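Asks: Okay, here's the prediction I keep looking at, along with the sequence it came from:
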Amino acid sequence: MSIFTLDFMIRALIGALIIGVAAPSVGVFLVQKRMSLIGDGIGHVALTGVAVGFLLRTSPVVTAVIVTIIGAVLIELIRERAKASGDIALALLFYGGIAGGVVMIGLTGDKSTMNLTSYLFGSLSTTTAEDLRTIAVLGLLVTVLMIVLRPWLFAVCQDEEYARVSGVPVRTLNMLLAVTTAVTVTVAMQAVGLLLVSALMVVPVATMQQVARGFTVTMFGAMLLGVLAAGSGVFVAGVADVPPGAMIVLTALALFVLAAVGAGVVRLLRRRTPRPADSLDAALERVR
């Protein structure tokens, strides 16, 4: 009997595919903005949000969404108004998020520590129908926003000053990107976990950059690779009985290695293939 005749595996697969589309759609702008690790930083803040949910005995997902959005907005304000660099802003996210999460978890008791593992490393097999609806709604919203606002977000990521002079609402778009990143991290923690979520946002984009040149091709290609990595990862995890979140990330990394090696081979062959002019010169030299 196929494992995908089981309801929980079907829900896991659908959830992973949705996240596989949404995460790279945001990640392509973060890579363009040279803030690839912001997903990790917001993941640490989400840890505090999950811990708050445990402490208040409410939904950890809801509190994680709220806390990560607040953290993302605050860090964007710090970066913009205090003129702090992106690295400093990320450091604040890393240290503050992990410290707050550890303190909160320490106040909640031992059982919460066990439950925290599923949020750190993902737990797709426990996805409920309600979780799937939440993933679908938020994932679709994020993806549509990124596609519709693609030209303006690209302009902001390339050159904020030029975009501002051109009349683009830079601050609003920066805030929107920060909020959608926070939402994506929170949604994806169910699939790959807070410690691995940044990989699904960045690795498919880095893979497409090995073989594509245009931004639009890179964006949609990364979304396609995200779906491929998510689907393949869940399938292999179901067959081999291994954690699906880690398997999804390993699959994405394997695709990156294949693309990098393939691109390297193509470049090597192009260097060794003589150009028409070179061939003519060589032929004349032999005649002489």
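Replies: Looks like it came in fine.

Asks: packing partners for the helix or strand hosting residue 95?
Replies: Per DSSP states H and E: residue 95 is located in helix 86-108. Applying 3 or more Cβ pairs under 8 Å, 6 or more residues apart in numbering; DSSP states H and E, we find helix 86-108 packed against helix 38-56, helix 60-81, helix 110-121. Yep, even glycine has a C-beta here, placed from its N, CA and C like the rest.

Asks: Need the ones you listed in JSON lines (columns: mean pLDDT).
Replies: Formatted as JSON lines, the helices and strands packed on helix 86-108 follow (pLDDT from 0 to 100):
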{"stretch": "helix 38-56", "mean pLDDT": "79"}
{"stretch": "helix 60-81", "mean pLDDT": "79"}
{"stretch": "helix 110-121", "mean pLDDT": "61"}
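
Asks: Make JSON lines out of those and add distance to residue 243 and mean neighbour count.
Replies: What follows is those, written out as JSON lines (distance: least, Cβ to Cβ, whole Å; neighbours: other Cβ atoms under 10 Å):
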{"stretch": "helix 38-56", "distance to residue 243": "17", "mean neighbour count": "25"}
{"stretch": "helix 60-81", "distance to residue 243": "19", "mean neighbour count": "20"}
{"stretch": "helix 110-121", "distance to residue 243": "6", "mean neighbour count": "15"}
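
Asks: need those in TSV with distance to residue 23, can you?
Replies: Listed next are these as TSV, based on distance: least, Cβ to Cβ, whole Å:
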stretch	distance to residue 23
helix 38-56	8
helix 60-81	14
helix 110-121	16
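
Asks: measure the residue sitting nearest the centre point of the chain to residue 41 for me?
Replies: Among the residues of the chain, the one closest to the centroid is residue 201, at 1.6 Å (Cα atoms, centre = their mean). Plainly put, residue 201 is 12 Å away from residue 41 if you go by Cβ to Cβ, to the nearest Å.

Asks: For the longest helix belonging to the chain, give the mean pLDDT please.
Replies: Assignment by DSSP state H gives helix 244-272 as the longest helix of the chain. The pLDDT scores in helix 244-272 average 86.

Asks: and the closest residue in space to residue 158 that isn't next to it in sequence, what does it touch?
Replies: Closest residue to residue 158 apart from its sequence neighbours, by Cβ to Cβ, 6 or more residues apart in numbering: residue 32 at 7.0 Å. By Cβ atoms under 8 Å, 6 or more residues apart in numbering, the contact set of residue 32 is 154, 157-158, 215.

Asks: Among the residues you listed, which are located in strands?
Replies: Under the assignment DSSP state E, the contacts of residue 32 contribute nothing to strands.

Asks: Tell me the one among those nearest to residue 176.
Replies: Ranking these by separation from residue 176, with Cβ to Cβ as the measure, puts residue 157 on top at 12.3 Å.

Asks: My guess is the closest one contacts residue 29. True?
Replies: Yes - counting by Cβ atoms under 8 Å, residue 29 is a contact partner of residue 157 at 5.3 Å.

Asks: between the two, which one's more packed in?
Replies: With neighbours defined as other Cβ atoms under 10 Å, residue 157 and residue 29 compare such that residue 29 has more, 24 against 21.

Asks: in the host helix or strand of that one, what counts as buried?
Replies: Using DSSP H and E, residue 29 sits within helix 7-32. By 16 or more other Cβ atoms under 10 Å, the buried positions in helix 7-32 come out as 9, 11-32.

Asks: Run the chain-centre distance for it.
Replies: When C-alpha coordinates are averaged (Cα atoms, centre = their mean, to the nearest Å), helix 7-32 and its chain have centres 8 Å apart.

Asks: Average pLDDT for it, rounded please.
Replies: On average, helix 7-32 scores 85.

Asks: what does stretch 175-183 give?
Replies: The pLDDT scores in stretch 175-183 average 88.
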